[in-house]
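Asks: here is my input; please provide its structure:
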Amino acid sequence: MKTIYLFTILIILFTSCSNKEENSNTITNSNTEVSSDSSALDQIKKLYQWYRENQNIQNCLVNNSCNEVVDSTKFYSVNFEATEKYLAKLKSTNCFSENYFSYWRNYFKKCEDDFKSNPANEGPPDGFDYDFLTNSQDFEEELKFVEKAKISKVVNDGSTKIVTIEFATGAKLKFHLSSKDNLWLIDRIE
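Replies: Just a heads-up that it's a prediction; the model follows:
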């Protein structure tokens, strides 16, 4: 769902951004006027265009979870070599800030601590049961109606920005971005 949300958001951002930019340089949300910024939306679009071709990059981040036959004598553990390769692939997109990577490295360490405290080898590994780029497990409905999705809010605070996308299903996804060298980079997706 999270993968669908993120992918849908990207498509929505492109569609909405193109339509909004043709008509106006501002987006109005309720009674609040916020400025649109195509460069932030371009970063999100760039990411999701890349992600369409690379959706399996999150596979096998947990040991003893990606084999067809799971060894019942072994417990889940974070595959830190795989997580670094995953982050390196994301870094190659030039869409993310260092804050994003720091967050995920800390997240993976916390998950490893949780695996050690609560050994398990059945079911989806805790903390890895959703797509990190879309914050979902199932995104089919959002993709079906992505053309109806809209940018519901853009909050620009100079060097930071929060872009909120609302889908036809009512689901929302927020992108926290920061500016570095005149480029908007993703700090967090929620």
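Asks: would you map the strands across the protein?
Replies: Residue ranges of the strands in the chain, as given by DSSP state E, are 26-29, 32-35, 62-63, 77-78, 150-156, 160-166, 172-180, 183-189.
Asks: could you give the mean pLDDT of the first one?
Replies: Computed over strand 26-29, the mean pLDDT rounds to 34.
Asks: where's the residue nearest in space to the middle of the chain relative to His176, distance?
Replies: By CA atoms, centre = their mean, the chain has its centre lying nearest to Leu133, at 2.6 Å. To His176, Leu133 is 14 Å away according to CB to CB, to the nearest Å. For glycine as for every other residue, the C-beta is placed from the backbone atoms N, C-alpha and C.
Asks: what residues do the two have in common as contacts?
Replies: Counting by CB atoms under 8 Å, 6 or more residues apart in numbering, the common neighbours of Leu133 and His176 are Ile189.
Asks: re the thing from before, which among the strands of the chain is found nearest to Tyr103?
Replies: strand 183-189 (6.6 Å; CB to CB).
Asks: and that closest one, which residues are buried?
Replies: By neighbour count on 16 or more other CB atoms under 10 Å, the buried set for strand 183-189 is 184-189.
Asks: do me a favour and get the end-to-end distance for stretch 71-84?
Replies: With CA to CA, to the nearest Å as the measure, stretch 71-84 spans 24 Å from end to end.
Asks: any buried residues in that stretch, and which?
Replies: Judged by neighbour count using 16+ other CB under 10 Å, the buried positions of stretch 71-84 are 75-79, 82-83.
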